[in-house]
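> Pasting a predicted model and its sequence here:
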Amino acid sequence: MSKNTEPVQYFRIKNWDKYQKFKFKQSWTSQQYVLFATSFLDDPKTCHLSEHLRLSWVVLMLLAGRHQNRLRYDSGWCQAGGRLRKPVDLALFESLGLIEKVGGGGIIKDNKIKEEEESKFEKDDSILSKIPPPKKMLIDQITQLWNAQFQTKIKGFFFKRLDLLNQAISNHPNLNYWKTCFEKVKASDFLNSEKKWKTTLDWVMEHHIEIMEGKYDNQGNTSTHKAAPLR
């Protein structure tokens, strides 16, 4: 089976809309707030869980807010997104009735889901035209640099991607910084290993600080990667 059609499972938090009063707005790239009920501390479904599992549930809630409650059913992906030390036991949360798989029997084609997500946002020149020329030039240079070195090509822009780029380059507007960052990504065994998810420019924009700090550097024949806990 080719990489573009490899089946990817997705899941969502059950009853999300019922308890989250902060509805997604077109001006947001992701939900900015997540509500937690104080009953979480006494909920029979969660109160008996270990400290790691309870923290994992908090992370899943935060990721649901960031990704509009459609998350990859991949414990490693959730671990990386939440900067946890250990993988997230998704099967356990599913057995507790806290999450449920979504899409054609729980499986959605990777390229199809990407098209569906990007179709929700305004794309291409209409967005780029609103960005100041100097910043637009740097975004173009960064995406060209990425496309020349990596398989996960950037083919267009949408609000979430541009928001990630805008935040990252606002703090680091030097192209040499990103050249060094991409070189470290290419040199990292962990970020280039055969795993269920591929390192993308969007992910790098969210984790470039850890990359530059050497979190994913190799040490001998193994990566020094250890996911940091939430702070």
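That came through, no problem.

> now residue 159: how far from residue 183?
Look at residue 159 and residue 183: by C-beta to C-beta, to the nearest Å, they are 29 Å apart. Quick note: C-beta positions are derived from backbone N, CA and C, even for glycine.

> actually residue 163, not the one I typed
From residue 163 over to residue 183 (counting by C-beta to C-beta), the distance is 25 Å.

> between those two, which one's more packed in?
Neighbours were counted for residue 163 and for residue 183 using other C-beta atoms under 10 Å; residue 163 has more, 14 against 11.

> tell me which residues of the helix or strand containing that one are tucked away?
Assigned by DSSP states H and E, residue 163 belongs to helix 159-171. Going by neighbour count (16 or more other C-beta atoms under 10 Å), the buried part of helix 159-171 is 159, 160, 161, 162, 164, 165, 168, 169.

> thought the fourth one was touching residue 131?
Which is residue 162. Yes - the pair residue 162 and residue 131 passes the contact test of C-beta atoms under 8 Å, sitting 7.4 Å apart.

> Quickly list what's touching both of those two.
Common contacts of residue 162 and residue 131 (C-beta atoms under 8 Å, 6 or more residues apart in numbering): residue 139.

> Pretty sure residue 202 sits against residue 161.
Yes - in this structure, residue 202 is within contact of residue 161 by C-beta under 8 Å, at 5.7 Å.

> the strands in this structure, which residues?
7-13, 71-72, 99-109, 218-219, 222-223 (DSSP state E).

> tell me the mean pLDDT for the third one?
Read it as strand 99-109. Confidence over strand 99-109 (mean pLDDT, whole number) is 61.

> and if you look at the first one?
The average pLDDT for strand 7-13 rounds to 85.

> Which residue in the buried residues of helix 159-171 has the weakest pLDDT?
Among these, residue 159 has the weakest pLDDT, 71.

> separation between that one and residue 99?
From residue 159 over to residue 99 (counting by C-beta to C-beta), the distance is 26 Å.

> Repeat that for residue 74.
When residue 74 is compared with residue 99 (using C-beta to C-beta), they lie 13 Å apart.

> Those two: which has the busier surroundings?
residue 99 (23 against 20).

> OK, contacts around that one?
11, 12, 13, 14, 60, 90, 93.

> again, only using 6 Å
11, 13, 93 (C-beta atoms under 6 Å, 6 or more residues apart in numbering).

> can you check residue 205 too?
Per C-beta under 6 Å, 6+ apart, neighbours of residue 205: 164, 165, 168.

> Skipping adjacent residues, who's closest to residue 61 in space?
Closest residue to residue 61 apart from its sequence neighbours, by C-beta to C-beta, 6 or more residues apart in numbering: residue 34 at 5.3 Å.

> cool, residue 62 as well?
Counting by C-beta to C-beta, 6+ apart, residue 34 is the residue found nearest to residue 62 once chain neighbours are left out, at 5.8 Å.

> Isn't that neighbour up against residue 65?
Yes - Residue 34 is within contact range of residue 65, at 4.3 Å (criterion: C-beta atoms under 6 Å).

> Settle it for me: which of those two has more neighbours?
Counted by other C-beta under 10 Å, residue 34 and residue 65 do not tie: residue 65 has more neighbours, with 21 against 17.

> buried sites along stretch 191-210?
191, 192, 199, 200, 201, 203, 204, 205, 206, 207, 208.

> Narrow these to those in helices?
Judged by DSSP state H, those include 201, 203, 204, 205, 206, 207, 208 as members of helices.

> how about the residues you listed in TSV, adding pLDDT and distance to residue 46?
Formatted as TSV, these follow (pLDDT from 0 to 100; distance: C-beta to C-beta, whole Å):
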residue	pLDDT	distance to residue 46
201	91	35
203	90	29
204	92	33
205	91	32
206	88	27
207	90	28
208	92	33
